[in-house]
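>>> any chance you could fold what I've pasted below:
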Amino acid sequence: MGTLNLSATASLTPSVVEGPAFYVARDGAQSISNTTWTKVQLTTTNSGGFDTNSCYSNSNYRFTPNVAGYYQIQFIMTISSGSLQAGRAAIYKNGGRWAMTELYTIANDPYDDFCTCVSSMLYLNGSTDYVEFYCWRNGGSGNVGGTSDVCQATGFLARQA
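Numbers count the residues shown, from 1 in each chain. Sure thing, here's the model as predicted:
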């Protein structure tokens, strides 16, 4: 076992990452077209949402951080439909799909709501890079969301670049 020697002036201070963090949600349903990627309209004004560095836009529903670094991003969503065949949730970076998850239903499934989530770590440059949240469905006449516990996104700076 080794020994740690510190000078009289040395101190051990934990490394604290300070940077943007956000929580956005939907408190109501949003209609989504069949087999069409649709941006989910999440805002900080729903269910205790927050945005520590004013980086999330409630008007264009996107997160554009002002600190360059590596971000952990999560998106949870529920699609409501009695005859849904498939649903997808995706994190988009700069207008293109970055990470996606997909769910399929089972024939004669007795449930009406299908929930899925996607999570990813990605680099954002702190000035022009942005993140948005999209969903897609095949079948049914579904909506996304309904309540904040089943339609939300979060993100935070994990490490500065």
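
>>> OK, contacts around the residue nearest to Q152 when sequence neighbours are not counted?
For Q152, ignoring the flanking residues on the chain, the nearest one in space by Cβ to Cβ, 6 or more residues apart in numbering is A25 at 4.1 Å. (Glycine included, C-beta is placed from N, CA and C.) By Cβ atoms under 8 Å, 6 or more residues apart in numbering, A25 lies in contact with 42-43, 46-47, 49, 148, 151-153.

>>> repeat that for 10 Å
Contacts for A25 (Cβ atoms under 10 Å, 6 or more residues apart in numbering) come out as 40, 42-49, 76, 145, 147-154.

>>> likewise G139?
By Cβ under 10 Å, 6+ apart, the residues touching G139 are 34-35, 79, 81-87, 105.

>>> who is it paired with across the strands?
In this entry, G139 is beta-bridged to L84, by DSSP bridges.

>>> got it, and the one 5 residues further on?
For V144, the beta-bridge partners are Q30, I79 (DSSP bridges).

>>> now do the buried residues in stretch 84-103.
The neighbour-count check on stretch 84-103 (16 or more other Cβ atoms under 10 Å) flags 84, 86-93, 99-100, 103 as buried.

>>> what distance separates the helix or strand of the chain with the lowest mean pLDDT from the centre of its chain?
None of the helices or strands of the chain scores lower by mean pLDDT, DSSP states H and E than strand 143-145, at a mean of 85. Offset of strand 143-145 from its chain centre (Cα atoms, centre = their mean, to the nearest Å): 15 Å.
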